[in-house]
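A.B. asks: 3D model of this:
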Amino acid sequence: MDLGGELTAIPLDSTIEKADFIKIDAEGFEPFIIDGCKKILETKPIVAIEINHVGLSKYGFTEYDILNHFNDHIAIEVYFYAEYQYDLLLIPMEKYNQYKDILLKHPMSSLKIKHIQL
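C.D. replies: Sure thing, here's the model as predicted:
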């Protein structure tokens, strides 16, 4: 169902200064959201993000347009939906040890959590 119309987007950086956790699931618009919260990302929040190759490619992006913003994070693939879509938990390296034991004991850890240093 297409409702049409327009939506005004407001950069997150213009509304808050810091966040401990950010969840992004925007069906391909994730790079625009990341561009609008660069200052907040400097405060090193944990970021949960859905990577959807179909949605990203619709707007000319790839997963690397997202991941390049998180070079100082540990990426953990927490759920794999299909070949074109998965969820990542991006934890700043300096916070990883603080959360490692909790993540490894979580019931979802049986879903093949893999650690990737970007």
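A.B. asks: element containing the residue nearest the centre of the chain?
C.D. replies: Among the residues of the chain, the one closest to the centroid is Ile49, at 2.6 Å (Cα atoms, centre = their mean). Using DSSP states H and E, Ile49 maps to strand 46-52.
A.B. asks: buried set for stretch 38-58?
C.D. replies: Buried residues in stretch 38-58, counted by 16 or more other Cβ atoms under 10 Å: 40-41, 44-53, 55-56. Bear in mind the C-beta positions are built from the backbone N, C-alpha and C, glycine included.
A.B. asks: could you give the mean pLDDT of that stretch?
C.D. replies: For stretch 38-58, the mean pLDDT works out to 92.
A.B. asks: quick one: low-confidence parts of the chain?
C.D. replies: 1-3, 78-82, 103-118 (pLDDT under 70).
A.B. asks: ranges for the strands of it?
C.D. replies: Assigned by DSSP state E, the strands in the chain fall at 21-24, 46-52, 73-82, 85-92, 114-117.
A.B. asks: adding distance to Ile10, write those strands out as JSON lines.
C.D. replies: Putting the strands of the chain into JSON lines (distance: least, Cβ to Cβ, whole Å) gives the following:
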{"stretch": "strand 21-24", "distance to Ile10": "15"}
{"stretch": "strand 46-52", "distance to Ile10": "19"}
{"stretch": "strand 73-82", "distance to Ile10": "25"}
{"stretch": "strand 85-92", "distance to Ile10": "23"}
{"stretch": "strand 114-117", "distance to Ile10": "32"}
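A.B. asks: closest to Gly36 out of those strands?
C.D. replies: Judged by Cβ to Cβ, the one of the strands of the chain that comes nearest to Gly36 is strand 21-24, at 10.6 Å.
A.B. asks: and the end-to-end length of stretch 27-42?
C.D. replies: The first and final residues of stretch 27-42 sit 24 Å from each other (Cα to Cα, to the nearest Å).
A.B. asks: can you check stretch 45-63 too?
C.D. replies: 19 Å.
A.B. asks: other SSEs contacting the helix ranked longest in the chain?
C.D. replies: As assigned by DSSP state H, the longest helix anywhere in the chain is helix 93-105. With contacts taken as 3 or more Cβ pairs under 8 Å, 6 or more residues apart in numbering; DSSP states H and E, helix 93-105 sits against strand 73-82.
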